[in-house]
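>>> task: produce atomic coordinates for the following.
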Amino acid sequence: MMVDIKKILDEKGSILKFSGVAPEGFILVHEKTLEDLKDFDTWKSWKNNEISFEEMNKKNFDNN
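Numbering: from 1, shown residues only. Reported below is the predicted structural model:
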């Protein structure tokens, strides 16, 4: 079984470096992700499972 490292880094590169850092049951989110949730439409999309923390984190990490 081959592991496609490039694919993993492309999909989760900036988020993967934080795996194993947060205690069990917790996740780390980008500060901008928390700011984004103050917008009602973004919060509503997250609440209705239209967008996830992982997607918002990826967008915010990619913009840095």
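
>>> S45 is in contact with I51, correct?
Yes: using C-beta atoms under 8 Å, I51 is in contact with S45, at 4.6 Å. Just so you know, the C-beta spots here come from the backbone N, C-alpha and C atoms, and that holds for glycine as well.

>>> what about K58, how many residues close to it?
Neighbour count of K58, defined by other C-beta atoms under 10 Å: 18.

>>> quick one: pLDDT of it?
With respect to pLDDT, K58 scores 80.

>>> for it, pull up the helix or strand it's in.
helix 53-62 (DSSP states H and E).

>>> show me what that helix packs onto, helices and strands only.
Packing partners of helix 53-62 (3 or more C-beta pairs under 8 Å, 6 or more residues apart in numbering; DSSP states H and E): helix 5-16, helix 31-36, helix 40-47.

>>> if we use 7 Å, what do you get?
Applying 3 or more C-beta pairs under 7 Å, 6 or more residues apart in numbering; DSSP states H and E, we find helix 53-62 packed against helix 5-16, helix 31-36.

>>> in that helix, what's buried?
F53, M56, N57, K58, N60, F61 (16 or more other C-beta atoms under 10 Å).

>>> ok, of the helices and strands packed on helix 53-62, where does mean pLDDT dip lowest?
With a mean of 67, helix 5-16 has the lowest mean pLDDT of the helices and strands packed on helix 53-62.

>>> might one say that K32 is in contact with N60?
Yes: counting by C-beta atoms under 7 Å, K32 does reach N60; the two are 4.2 Å apart.

>>> next, show the common contact partners of those two.
Here K32 and N60 share no contacting residue, scored by C-beta atoms under 7 Å, 6 or more residues apart in numbering.

>>> in this structure N60 contacts E31, no?
No: using C-beta under 7 Å, N60 is not in contact with E31, being 8.2 Å away.

>>> F61 against V29, yeah?
No: counting by C-beta under 7 Å, F61 sits too far from V29 to count as a contact (10.4 Å).

>>> ok, back up a step: which of the buried residues of helix 53-62 lies closest to K7?
Nearest to K7 out of those is K58 (C-beta to C-beta; 14.2 Å).
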